[in-house]
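**Q** Structure for the following, please:
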Amino acid sequence: DTLRFEARDVVDTGATKKLDCVPGVQIPPALITYTWTIVPPPQLTPTSGAGPVATIVASVPGNYACTFGASAIRECEPPSIDVGPVTASTSGIAISARVIDQDDPTNSAWKSVGAGDPVYGGSENSTADNLTLSVAPELGAANNIAWSVTGSGSAGWALPPSGPSATIWDLGDLLAPQPGPVEFDVVITYTDGGKQCGKFASEIGVRTDDVILVGWIDPNNVPLNATGVSSGLLTLLPLGGPPVVITPPCSACEVVLALASGDTNPCNFPVTSPLNDRNREYFLHWMFKYGGNIDPALLIPGGDFRNAADTHIDETEVQNFVLQGTTLKLYNRLQVKYLADAVGFQSNPVLVQSQFAVGGTVNPFAACPLTLNPDPGQIGPNNGKLMQTAKSIWQVNEGSPDSSAVLTFNTLMGNAVPSAPLFWESIGSRIRFRYDDRTEPSISVQVYPTYEEYHNGKKVARHPQQLDPQNNFFQFPYPFGLVPCTGIPFPHQQGRCGDAVSPEDVTARVPTFLP
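**A** Residues are numbered from 1 along each chain as shown. Coordinates of the predicted model:
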């Protein structure tokens, strides 16, 4: 480089001067390290200096010479890299990122992801995004390409082998995700010593399991014991089930219609009046047993909602099952994806799946006039309600049989038991996801009926109903509370005439499926 001397000041003696060696081309000092060699006249000791300017104290006449060398230092994270001043260089390089978005578990198309955009992991391949990173060397043949990663869950990722051809890092499916920020880095070293460094910052999110709850009455789990039951009642409601006796003057049809009106002495028929404990229990169990459902495993091809290759949920099977109506009492489905930190959600979770339904009831008295088969179910006031806090999100599914069935239940368990009346409570379920439970749900179900639990189409659990449906009757049932029913010939002191649709009464207890 071209050098020049500059006289900065002259010492008072007139013989001593301060001279500075300054390079003729100015380079930003933050990127350069200077090393100077200063040559004085022979009778003096050689000196040296550092920095963009070197000072000489010239106290002896003679010829002085300054030479310097410089090397560039540029940060390339990680680590810092020194390169020579002539042939080598350091610069940034872009990392390209692509994912297969598994909001749809059947998707196989790649799409680009921008810096800072999140990618979502899951518990299995069908719910976990696929991620691949790549670089294209720009300065000739690469001597080596090395990848690294820091941030959430990075300790669990195996780095690809480094080498001159390691232009792609295929991370595959992001399983067992740990939510939080993450940074991927690459360093490309070229044969001339130059380097290119790239980084890609992203956020790892969680895509939960696709969870389905199917509530159904399991007839095989409803005991029917004829011991101590009146012979006349056994004639009306035979142990073998429908068809029921419909011959007047006191057929099963007339009896059940009388019960729905609150009458505890239907048709003045002595074998069913008074409705003692054994007769009441038999009548109630008979209705539940023969108003039950078919095991979902017998109705779904393969026994669950998994596709034939056992790789993901089969959406066609799910919808075909739900549309059949009387295959279920309740249907609750929820899947979300979210970003989180150490204390909760960073933002509102995104719904991936949110469905809910109330099925009809198989009517064991379908042969009776003025009855429907199936009886339409009632949709509860909180059915489908999605609720959220900073730490969790959940969805409720709830309902009841039609009001006539509820009135009949309440006569058997209420009007016929004046000393300790109990009343029907709506059934329901709740699927909850917490920020710190990752992909797994927390499940809450009513004690009745049976609930099948599916994750990503695969059955993982059965929550069996209690043997006695009377356990679903309470003093202050949800949503009915203490509201009486006066609009029938024989009023009920509670039960609001079987209305399960209106908002819950303030006197109603909080069931297990509500927070």
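**Q** Enumerate every residue touching residue 458.
**A** Going by Cβ atoms under 8 Å, 6 or more residues apart in numbering, residue 458 touches 304, 305, 306, 310. C-betas here are computed from N, CA, C, even on glycine.
**Q** Next, name the residue at the spatial heart of this structure.
**A** By Cα atoms, centre = their mean, the mean C-alpha position of the chain lies nearest to residue 208, the distance being 2.8 Å.
**Q** Distance-wise, check it relative to residue 238.
**A** The gap separating residue 208 from residue 238 is 48 Å, by Cβ to Cβ, to the nearest Å.
**Q** Buried residues in the longest helix seen in the chain, which are they?
**A** Secondary structure of the chain per DSSP state H: the longest helix is helix 277-290. By neighbour count with 16 or more other Cβ atoms under 10 Å, helix 277-290 contains the buried residues 279, 280, 281, 282, 283, 284, 285, 286, 287, 288, 289, 290.
**Q** Using TSV, lay out the contacts of residue 458 together with distance to residue 391.
**A** Shown next, in TSV, are the contacts of residue 458 (distance: Cβ to Cβ, whole Å):
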residue	distance to residue 391
304	31
305	29
306	31
310	34
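**Q** And the residues you listed, which is closest to residue 510?
**A** For the contacts of residue 458, the residue nearest residue 510 by Cβ to Cβ is residue 305; the value is 31.1 Å.
**Q** nearest residue to the closest one other than its sequence neighbours?
**A** residue 457 (3.8 Å; Cβ to Cβ, 6 or more residues apart in numbering).
**Q** Least confident secondary structure element in the chain?
**A** Sorting the helices and strands of the chain by mean pLDDT, DSSP states H and E puts strand 81-83 at the bottom, at a mean of 41.
**Q** which regions of this structure sit below the pLDDT cut-off?
**A** Within the chain, the segments meeting pLDDT under 70 span 1-17, 24-33, 43, 68, 70-91, 245-249, 268-274, 325-326, 369-374.
**Q** hey, where'd the helices end up in it?
**A** Remark: helices assigned in the chain by DSSP H are 231-236, 252-260, 277-290, 296-299, 315-322, 403-410.
**Q** now those in JSON lines, with distance to residue 111?
**A** Below are the helices of the chain laid out as JSON lines (distance: least, Cβ to Cβ, whole Å):
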{"stretch": "helix 231-236", "distance to residue 111": "65"}
{"stretch": "helix 252-260", "distance to residue 111": "58"}
{"stretch": "helix 277-290", "distance to residue 111": "51"}
{"stretch": "helix 296-299", "distance to residue 111": "36"}
{"stretch": "helix 315-322", "distance to residue 111": "21"}
{"stretch": "helix 403-410", "distance to residue 111": "51"}
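**Q** which stretch among these comes nearest residue 119?
**A** Of all those, helix 315-322 sits nearest to residue 119, with 23.2 Å by Cβ to Cβ.
**Q** Now for the residue nearest to residue 305: which residues touch it?
**A** Applying Cβ under 8 Å, 6+ apart to residue 457 gives the contacts 210, 212, 304, 305, 306, 307, 312, 313, 314, 317, 318.
**Q** any idea how far residue 312 is from it?
**A** 7 Å.
**Q** just residue 220 next, same as before
**A** Counting by Cβ to Cβ, the gap from residue 220 to residue 312 is 31 Å.
**Q** Could you do residue 204 as well?
**A** Distance, residue 204 to residue 312, using Cβ to Cβ: 21 Å.
**Q** residues contacting the nearest residue to residue 439 once chain neighbours are set aside?
**A** Excluding its sequence neighbours, the residue lying closest to residue 439 (Cβ to Cβ, 6+ apart) is residue 123, at 4.2 Å. Applying Cβ under 8 Å, 6+ apart to residue 123 gives the contacts 175, 176, 209, 438, 439, 440, 455, 456.
**Q** Can you tell me which of those residues is nearest residue 346?
**A** Out of those, the member with the shortest distance to residue 346 (by Cβ to Cβ) is residue 438, at 14.8 Å.
**Q** Please list all residues in contact with that closest one.
**A** 123, 176, 177, 178, 179, 206, 208.
**Q** do residue 190 as well
**A** Per Cβ under 8 Å, 6+ apart, neighbours of residue 190: 88, 137, 139, 140, 141, 142, 143, 196.
**Q** can you rerun that using 6 Å?
**A** Listed by Cβ atoms under 6 Å, 6 or more residues apart in numbering, the contact partners of residue 190 are 139, 140, 143.
**Q** Need the buried ones from the residues you listed selected in PyMOL.
**A** Of the contacts of residue 190, the buried ones can be selected in PyMOL as follows, counting by 16+ other Cβ under 10 Å:
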select buried, resi 139+143
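**Q** do you know how far the residue nearest to residue 439 is from residue 441?
**A** For residue 123, the distance to residue 441 - Cβ to Cβ - is 11 Å.
**Q** hmm, back to that, from the contacts of residue 458, which would you call buried?
**A** So, by 16+ other Cβ under 10 Å, the buried ones in these are 304, 305, 306.
**Q** and which of those residues is nearest to residue 360?
**A** residue 305 (20.8 Å).
**Q** Residue 425: how many residues sit nearby?
**A** 25 (other Cβ atoms under 10 Å).
**Q** And for residue 117?
**A** Look at residue 117: counted by other Cβ under 10 Å, it has 13 neighbours.
**Q** repeat for the one 3 residues further on
**A** Residue 120 is surrounded by 26 other residues when neighbours are defined as other Cβ under 10 Å.
**Q** for it, which residues make a bridge with it?
**A** Using DSSP bridges, the bridge partners assigned to residue 120 are residue 205.
**Q** Would you enumerate the residues in contact with it?
**A** Residue 120 makes contact with 129, 205, 207, 337 under the criterion Cβ under 6 Å, 6+ apart.
**Q** what's the most distant pair in the contacts of residue 458?
**A** Largest separation among the contacts of residue 458 by Cβ to Cβ: 305 and 310, giving 11.3 Å.
**Q** hang on, the earlier thing: can you lay out the contacts of residue 190 as CSV showing distance to residue 216?
**A** Converted to CSV, those look like this (distance: Cβ to Cβ, whole Å):
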residue, distance to residue 216
139, 66
140, 67
143, 65
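**Q** What about the contacts of residue 190, which are in strands?
**A** Within those, residues falling in strands by DSSP state E are residue 143.
**Q** ok, now how distant is the nearest residue to residue 217 once chain neighbours are set aside from residue 398?
**A** Of all residues not flanking residue 217 in the chain, residue 292 sits nearest, at 3.9 Å (Cβ to Cβ, 6+ apart). Taking Cβ to Cβ as the measure, residue 292 falls 19 Å from residue 398.
**Q** For residue 145, give the beta-bridge partners.
**A** Note on residue 145: beta-bridge partners residue 163, residue 188, judged by DSSP bridges.
**Q** To what extent is the closest residue to residue 425 other than its chain neighbours buried, counted in neighbours?
**A** Distance criterion Cβ to Cβ, 6+ apart; nearest residue to residue 425, sequence neighbours excluded, is residue 477 at 3.6 Å. Residues lying near residue 477 (other Cβ under 10 Å) number 28.
**Q** and residue 477, how far is that from residue 406?
**A** Applying Cβ to Cβ to residue 477 and residue 406 gives a distance of 10 Å.
**Q** How about residue 515?
**A** For residue 515 relative to residue 406 (Cβ to Cβ), the value is 25 Å.
**Q** which one of the two has more residues nearby?
**A** Neighbours were counted for residue 515 and for residue 406 using other Cβ under 10 Å; residue 406 has more, 27 against 11.
**Q** so the more buried one touches residue 425, yeah?
**A** No: using Cβ atoms under 6 Å, residue 406 is not in contact with residue 425, being 9.8 Å away.
**Q** Mind giving me the ChimeraX select for the contacts of residue 123, buried ones only?
**A** Here is the ChimeraX selection string for the buried members of the contacts of residue 123, based on 16+ other Cβ under 10 Å:
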select :209,438,439,455,456
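**Q** Quick check: the residue lying closest to residue 98 once chain neighbours are set aside vs residue 423, distance?
**A** In space, and not counting its chain neighbours, residue 98 is closest to residue 110: 4.6 Å by Cβ to Cβ, 6+ apart. Between residue 110 and residue 423 the computed distance is 57 Å (Cβ to Cβ).
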